[in-house]
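Colleague: With the input below, show me the fold.
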Amino acid sequence: MSDLPTATLEIDLAALLHNYRALKALAGRAEVAPVVKADAYGLGMAEIAPFLHSHGARTFFVARLEEGIDLRRILRDTSADIYVFDGLRKGQNALFVAHNLRPVLNSLDDYARWITGPSEVVAAAQIDTGMNRLGLRPDQVSQLKSKPNTHRLSLIMSHLACGDQPDHPMNADQLHLFHHHTDGFIGTPKSLANSAGTFMGRDYHFDLVRPGISLYGGGPFGESHPDLRPVAHLSARVLQVRDLKAGDSVGYGAQFTAPSDMTIATIGIGYADGLLRALSGRGHVTIRGRRRPILGRISMDVTSIDVTGLNVQTGDKAVLFGDSPTLDEQATAAQTISYELLTRLGSRFERTYKRI
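Modeller: Down below sits the predicted model:
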């Protein structure tokens, strides 16, 4: 077993391409602009972004300026549009010029720094239609319309607060407000939809959609979607198998006590790898083709699972998420969202990319 990795994260690029094409089909005439912030949601921007670029993606979104600088270097394409959600902070104009990046203007301070800075900086402007997070207030939008001709806005955008709940009335409210405050921007592309919004129909698509989680296999509404394939496959090897007697406990705090004689396996993955402790006693793995529960507390480096009745051996592979359980199923078990499961993934895995 010494030549086998303890835990492996396999990223399926064929599934990524399938999801990208599925989103393009949904988006119709709207451009699909991948969101690759947070190291492409933990899956590796250095691999993900060039792959999507090679299949036609020409606009990307990141959160931090540093991510944008890295992405420009990775893509080696000066014509690709890279937007930075964080905005334009004091002293950053020169970096946006040097790396041909586009800030998303989120406040009047951002706007002032942009409009008084070099005209080479093309920007997007975000209007807050109800998220109350980032973006200009609706009563500030008029200042964007009065800008001098020396500076170009390439995109007007907003963000859905309740897109993962497609029937929530706030979606329609935000759509109405976005129309109301952007209809005067003739000729400027517009964007409202994230992953969820892309699945909510053409009314939400406008000129550009910004999918993130659905590119990587997460369902748009908190559960797996039939049009999407899992991209991330996380597994760990069995380090030890042992028999328990009724009354024996498992792990820290003795939170699980065997109700009868049983067999458990210890697999080589824990919270230091990014596996959420919230899955303790809640999550499942698939091993030898059977779904089996996680027992007791997840430790820093290891996790215990019930393998009673299975012929499990040291070195066998247990699947934490992938085809089964899915990313969304495991997120639900942890009482969180698929975004957190992916972005918490650590650096101790052997990462492999399954290529086309």
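
Colleague: What distance do you get for the residue nearest to Arg152 when sequence neighbours are not counted to Asp81?
Modeller: Spatial nearest neighbour of Arg152, excluding adjacent residues (Cβ to Cβ, 6 or more residues apart in numbering): Val122 at 5.1 Å. The C-beta positions use only the backbone N, C-alpha and C, and glycine is treated the same way. Here the criterion is Cβ to Cβ, to the nearest Å. By it, Val122 lies 8 Å from Asp81.

Colleague: what sits in contact with each of the two?
Modeller: Contact criterion Cβ atoms under 8 Å, 6 or more residues apart in numbering; residues shared by Val122 and Asp81: Arg102, Ser154.

Colleague: if we can go back for a sec, got the contact list for the residue nearest to Arg152?
Modeller: Residues counted as contacts of Val122 (Cβ under 8 Å, 6+ apart) are Arg102, Arg152, Leu153, Ser154.

Colleague: show me where the stretch 101-250 of the chain has strands.
Modeller: Secondary structure of the stretch 101-250 of the chain (DSSP state E, counting those that start in this stretch): strands at 102-105, 123-126, 153-157, 190-191, 208-209, 232-244, 249-250.

Colleague: Which among the ones you listed is found nearest to Leu342?
Modeller: Nearest to Leu342 among the strands of the stretch 101-250 of the chain is strand 232-244 (6.2 Å), distances taken as Cβ to Cβ.

Colleague: give me every residue that touches the closest residue to Leu101 other than its chain neighbours.
Modeller: What sits nearest to Leu101 in space, not counting adjacent residues and going by Cβ to Cβ, 6+ apart, is Gly68, at 4.4 Å. Gly68 makes contact with Val62, Ile82, Tyr83, Val84, His99, Leu101, according to Cβ under 8 Å, 6+ apart.

Colleague: correct me, but the last one touches Leu75?
Modeller: When you say that, I think you mean Leu101. No. Using Cβ atoms under 8 Å, Leu101 is not in contact with Leu75, being 11.6 Å away.

Colleague: These two - which one has more neighbours?
Modeller: Using other Cβ atoms under 10 Å as the criterion, Leu101 and Leu75 rank with Leu101 on top: 24 against 20.

Colleague: Look up phi and psi at that one.
Modeller: Backbone torsions for Leu101, taken as degrees, to the nearest 10, come to phi -110, psi 160.

Colleague: and Ala25, how many neighbours does it have?
Modeller: Ala25: 10 neighbours (other Cβ under 10 Å).

Colleague: that older thread, can you name the next helix or strand after the helix or strand containing the residue nearest to Leu101?
Modeller: Using DSSP states H and E, the element containing Gly68 is helix 65-75. Sequence-wise, the next helix or strand downstream of helix 65-75 (DSSP H and E) is strand 81-84.

Colleague: Show me what the helix or strand containing Arg292 is packed up against.
Modeller: Per DSSP H and E, Arg292 falls inside strand 290-295. Judged by 3 or more Cβ pairs under 8 Å, 6 or more residues apart in numbering; DSSP states H and E, the packing partners of strand 290-295 are strand 284-287, strand 303-306.

Colleague: quick one: contacts of it?
Modeller: 250-251, 256, 264, 279-286, 303-307, 310, 318, 324-325.

Colleague: Report the buried residues of that strand.
Modeller: Arg292, Ile294, Leu295 (16 or more other Cβ atoms under 10 Å).

Colleague: Can you get me a residue count around Thr336?
Modeller: By other Cβ under 10 Å, 15 other residues sit near Thr336.

Colleague: Show me the helices in this structure, by range?
Modeller: In the chain, the helices defined using DSSP state H lie at 13-27, 37-42, 45-54, 65-75, 93-98, 108-115, 141-145, 169-182, 195-198, 327-333, 338-343.

Colleague: wait, which of those is closest to Asp243?
Modeller: helix 327-333 (26.4 Å).

Colleague: export that closest one as CSV, just CAs?
Modeller: The C-alpha coordinates for helix 327-333 follow below in CSV (Å, rounded to 0.1, in the frame of the first residue of the first chain):
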residue,chain,number,x,y,z
LEU,A,327,-21.2,16.9,-3.7
ASP,A,328,-24.6,18.3,-2.9
GLU,A,329,-25.6,15.3,-0.8
GLN,A,330,-22.6,15.6,1.3
ALA,A,331,-23.1,19.3,1.7
THR,A,332,-26.6,18.8,2.8
ALA,A,333,-25.4,16.2,5.4
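
Colleague: what's the distance between it and the middle of its chain?
Modeller: On the basis of Cα atoms, centre = their mean, to the nearest Å, helix 327-333 sits 14 Å off its chain's mean C-alpha point.

Colleague: which secondary structure elements does it contact?
Modeller: strand 284-287, strand 317-321, helix 338-343.

Colleague: And Arg21, how far from Gly197?
Modeller: For Arg21, the distance to Gly197 - Cβ to Cβ - is 18 Å.

Colleague: which of the two has more neighbours?
Modeller: Neighbours per residue, other Cβ under 10 Å: of Arg21 and Gly197, the larger number sits with Gly197, 27 against 13.

Colleague: so how many other residues sit close to the residue lying closest to the more buried one once chain neighbours are set aside?
Modeller: Closest residue in space to Gly197, ignoring its immediate chain neighbours: Tyr204 at 4.4 Å, by Cβ to Cβ, 6+ apart. Tyr204 sits with 25 neighbouring residues when counted by other Cβ under 10 Å.

Colleague: what's the neighbour count on Tyr353?
Modeller: Tyr353: 15 neighbours (other Cβ under 10 Å).

Colleague: In contact with His159: list those residues for me.
Modeller: Gln126, Thr129, Met131, Arg133, Leu134, Gly135, Leu192, Asn194.
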